[in-house]
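*Asks:* below is the structure, and that's it, no one-letter string:
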């Protein structure tokens, strides 16, 4: 975990780690703003280059990408009151 947190969100290289970077930033923003409704921003612009890289390298499949997106959205619900 410490190796991942040493690199993420500063340098994200893979699609799954993109979610880790977004999560870390989201938690920090929510801590600062007392969990007031905050937008995640344009996830398509943030994650698409990582998605494309994973597909081209053969380290990611579209099915796995959909599964990761679904898991990420479920994880977001853990911050709800």
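*Replies:* Great, that's in hand. This is a predicted model, so every value here is computed, not measured.

*Asks:* how near is residue 45 to residue 78?
*Replies:* 25 Å (C-beta to C-beta, to the nearest Å). Backbone N, C-alpha and C define where each C-beta goes, glycine included.

*Asks:* err, residue 36, not the other one
*Replies:* 17 Å.

*Asks:* now residue 50
*Replies:* 23 Å.

*Asks:* and these two? Which one has more around it.
*Replies:* residue 50 (20 against 6; other C-beta atoms under 10 Å).

*Asks:* check contacts around the more buried one.
*Replies:* By C-beta atoms under 8 Å, 6 or more residues apart in numbering, the residues touching residue 50 are 12, 13, 14, 15, 17, 18.

*Asks:* and if you look at residue 36?
*Replies:* Contact partners of residue 36, counting by C-beta under 8 Å, 6+ apart, are residue 30.
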